[in-house]
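**Student:** sharing a model that was predicted from the sequence below.
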Amino acid sequence: MEIFDGALLEVYWPIAVFIIIALGLSTFLVFLGWARGPKKGGTEKLSTYECGFEPFEAPRKKFDVRFYLVAILFIIFDLEVAFLFPWAISLGEIGIFGFWSMMLFLAILTIGFIYEWKKGALEWE
């Protein structure tokens, strides 16, 4: 098969056109933002902090471990929901075994959630 075979070029031509349009459009938009955007900020924009108040603590302060625990719990339950959508769609195909497998999965996660709740890991002081 030659490199410039007509059939091969016909197959990849839409991809090449898409890449050319994407590169051209992105270059144009970056140039447009650079050309039309403000060149110089005001005193507020150039200040160290834009949040409205001066810092009162060191920026390297350590976070409480509960912050990480709540973040991990959020990720776990977010993934649980991500598993529920494909399961619900394919429930007719996987049958009763798939149903009880998901019930076991949900039971394990619920037990873990109750354990974290009883330990007080979700309490915020």
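**Tutor:** Arrived safely.

**Student:** low-confidence regions, this protein specifically.
**Tutor:** For the chain, the stretches with pLDDT under 70 are 1-6, 41-59, 61, 63-64, 125.

**Student:** show me where this structure has its helices.
**Tutor:** 6-36, 43-46, 65-89, 91-119 (DSSP state H).

**Student:** could I get those as TSV with mean neighbour count?
**Tutor:** Heads up, the C-betas are built off the backbone N, CA and C, glycines and all. Converted to TSV, the helices of the chain look like this (neighbours: other CB atoms under 10 Å):
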stretch	mean neighbour count
helix 6-36	10
helix 43-46	8
helix 65-89	12
helix 91-119	11
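
**Student:** could you pull up the residues touching the closest residue to Val70 other than its chain neighbours?
**Tutor:** Nearest residue to Val70, sequence neighbours excluded (CB to CB, 6 or more residues apart in numbering): Leu122, at 6.9 Å. Leu122 is in contact with Val70, Leu73, Glu116, counting by CB atoms under 8 Å, 6 or more residues apart in numbering.
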